[in-house]
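Sequence and predicted model, in that order:
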Amino acid sequence: MTTLFFDLDGTLIDPAEGIINCLHHAFDTLGIKDVPEDLHWCIGPPLHDSFATLVGPDRVDEALAAYRQRYGELGLYEHVVYEGIPDLLADLNRRGYQLCLATSKVKVFADRILTHFNLAQHFQHAFGSELDGSLSNKAELLAHGLAVTGVAAADAVMIGDRKFDMIGASANDIATIGVTWGYGSVEELEQAGAGRLVASVADLAGLFG
């Protein structure tokens, strides 16, 4: 195993405040009053799919534009890096692993987040979706990541907190590690076929010690 693909939201950072604030901004902009009380389920899936459920397919583009307007100005800074993550990434670099980000978040935002929180230095590649929605599917994103890096699937592992990470990796024959400190439950990760589960950053580090 030479290459580690990391999810972003719920794996490296807790994005809840920024995402939920931007969702409410989108609802306000569209004049939508009937809003679900709990929006944490929106953390992880492609945003386009979440908005299709929340505002209907006909208003997705409008909602995305409003969301991204606030996210680009404020929301991407309203995140918290999970304790121990910077040290973990630095240690993995020292051990010779190639680290790649693999997020369904738009790449231009993901790049800014990595830079703002001083994480960019640890990653050799950062893969994310495009503004037109392409590569938001984790299976397609990881296939793209393998093609760009030239890494064999057998030499890679996907580390993430949601079923989308596990399913996308399995579609590419990539091994999986599910982290349970994010937004996917143990049951969700197990049902999605996670190869290993870890409950803390220290436990994750121990797998590569």
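Yep, that arrived.

Roughly how far does the closest residue to T29 other than its chain neighbours sit from L146?
Among residues not flanking T29 along the chain, A66 sits closest, at 3.8 Å (Cβ to Cβ, 6 or more residues apart in numbering). From N, CA and C alone the C-beta is placed, and that goes for glycine too. Distance of A66 to L146, computed by Cβ to Cβ, to the nearest Å: 34 Å.

Pull the distance from the strand or helix carrying the residue nearest to T29 to the chain's centre.
According to DSSP states H and E, A66 maps onto helix 60-73. Chain-centre distance of helix 60-73: 18 Å, with Cα atoms, centre = their mean, to the nearest Å.

Could you list the alpha-carbon positions for the longest strand along the chain in PDB?
Assignment by DSSP state E gives strand 98-106 as the longest strand of the chain. The C-alpha trace of strand 98-106 is given here as PDB (Å, rounded to 0.1, in the frame of the first residue of the first chain):
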ATOM      1  CA  GLN A  98       1.600   9.400  -1.200                       C
ATOM      2  CA  LEU A  99      -1.400  11.300   0.200                       C
ATOM      3  CA  CYS A 100      -4.300  12.300  -2.100                       C
ATOM      4  CA  LEU A 101      -7.500  14.200  -1.300                       C
ATOM      5  CA  ALA A 102     -10.600  12.700  -2.800                       C
ATOM      6  CA  THR A 103     -13.700  14.800  -2.100                       C
ATOM      7  CA  SER A 104     -17.000  15.400  -3.800                       C
ATOM      8  CA  LYS A 105     -16.600  19.000  -2.800                       C
ATOM      9  CA  VAL A 106     -15.800  21.400  -5.600                       C
END
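
List the buried residues in the helix holding A66.
Using 16 or more other Cβ atoms under 10 Å as the test for burial, helix 60-73 gives 60, 63-64, 66-68, 70-71.
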